[in-house]
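Colleague: Quick one: sequence plus predicted model below, questions after.
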Amino acid sequence: MYEIFIKKILSAQKIAIFMHINPDADCIGSSLAMYKYLINYGKQVDVFLEPGNLIRKNLFVYPNISVINNSKPTKYDLGICLDCATVERMGKNSANIYFDRCQDRIWIDHHIYPYIIEDSIIETTSASTSQILYKIFKTLDASIIDKEIAFCLFGALAADTGVFSFSSTTAETMAIASELISYGIDNNYIVDKIYREKSICEFNLMVESLSKTQFFYDNKMAVITFLTNDFVKTGCDIYSTEGIINNLIEIDEVILAIAIAEERENVYKVSIRSKDPFDSSAYARIFGGGGHKNASGCKFKLPYEKTLETLVKTACNFIKC
Ligand SMILES: [Mn+2]
């Protein structure tokens, strides 16, 4: 298993790692785990995040975070793309380096794809990209996995599973979490820092947005909205919206929760959470997005009213309203 990765790693010296825009805890944690693992393996490694993308404050607790965008891109033997649900999610700049300046490529992810991605390891049953990475690392050389790598992989795994509560959590997820903890990491500290902790501005944004929640189809669908005005009022930015949507899907009657966040005028980032049997990945694909069965996302380039109307109308077929 994972021969494709092993073969590519063995013949590469200079390696670049790429992540997705609006990077989350799995994306950053997986990239930094891969970085440290390859450094321990004796490789030269650069890590790239699409310019203009900020990293959420909580994630600065990850070891080696300062290596991100710390070098000018050159030519690479191998490019590794992590946690990207679509090529567009890489961002233009990253995609250019990945496709044009890397002699060889590998794509590692756990999202559902409607098409085949060449040179890839895609495991949609894995709860996080980090869950796949741990198995790959163990197959290639378990002896170089250290505490920093375990920290990054565990943080990524805990965040992408909602601290082991989402339906993506399996026996394998828990077994891997257990093995990672045995490296001596402070799992409680990692969960607090990466997943739980919020700033006062994030709390205010949560209160502001939740108080204006809209419900549709007999409370089966719930929508929260973050407008530029809300960010100005609370002193937060779009990166602070993560996780607030979970408050909606926790409502017993809600089977579809949506967060609409204004990126700029007439451009909205849409996050989607669902309960079975609602397939949020199929729903997001209608709008050019993607993700997992119960968590996905997409982008709208329309005025707010039209964005909301389209999302609500399309949901009707899925909810069987
Ligand atoms: Mn992920």
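Modeller: That came through fine. Not measured: the values here are computed from a predicted model.

Colleague: Now do the contacts for F166.
Modeller: Listed by Cβ atoms under 8 Å, 6 or more residues apart in numbering, the contact set of F166 reads A127, D160, N294, A295. No exception for glycine: its C-beta is placed from N, CA and C like everyone else's.

Colleague: ok, now G243?
Modeller: G243 is in contact with Y195, counting by Cβ under 8 Å, 6+ apart.

Colleague: Could you report the distance from it to the ion?
Modeller: 14 Å (Cβ to the ion, to the nearest Å).

Colleague: Over to N53?
Modeller: In terms of Cβ to the ion, N53 sits 16 Å off from the ion.

Colleague: which SS state does the closest residue to that residue other than its chain neighbours fall under?
Modeller: Once flanking residues are discounted, N53 sits nearest to I21: 5.3 Å by Cβ to Cβ, 6 or more residues apart in numbering. Three-state call for I21 (DSSP: H, G, I helix; E, B strand; the rest coil): coil.

Colleague: now do L308
Modeller: Recorded secondary structure, L308: helix (three-state DSSP).

Colleague: what's whichever residue of the stretch 151-300 of the chain sits closest to the ion sitting at in phi/psi?
Modeller: The ion sits closest to D160 of the stretch 151-300 of the chain, with a gap of 4.7 Å, by Cβ to the ion. Phi and psi for D160, reported as degrees, to the nearest 10, are phi -70, psi -20.

Colleague: Which pLDDT value goes with it?
Modeller: According to the prediction, D160 has pLDDT 95.

Colleague: What is the worst-scoring helix or strand of the chain on mean pLDDT packed up against?
Modeller: Of all helical and strand segments in the chain, the minimum by mean pLDDT, DSSP states H and E falls on strand 290-291, at a mean of 88. Secondary-structure packing of strand 290-291 (3 or more Cβ pairs under 8 Å, 6 or more residues apart in numbering; DSSP states H and E): helix 280-286, strand 295-300.
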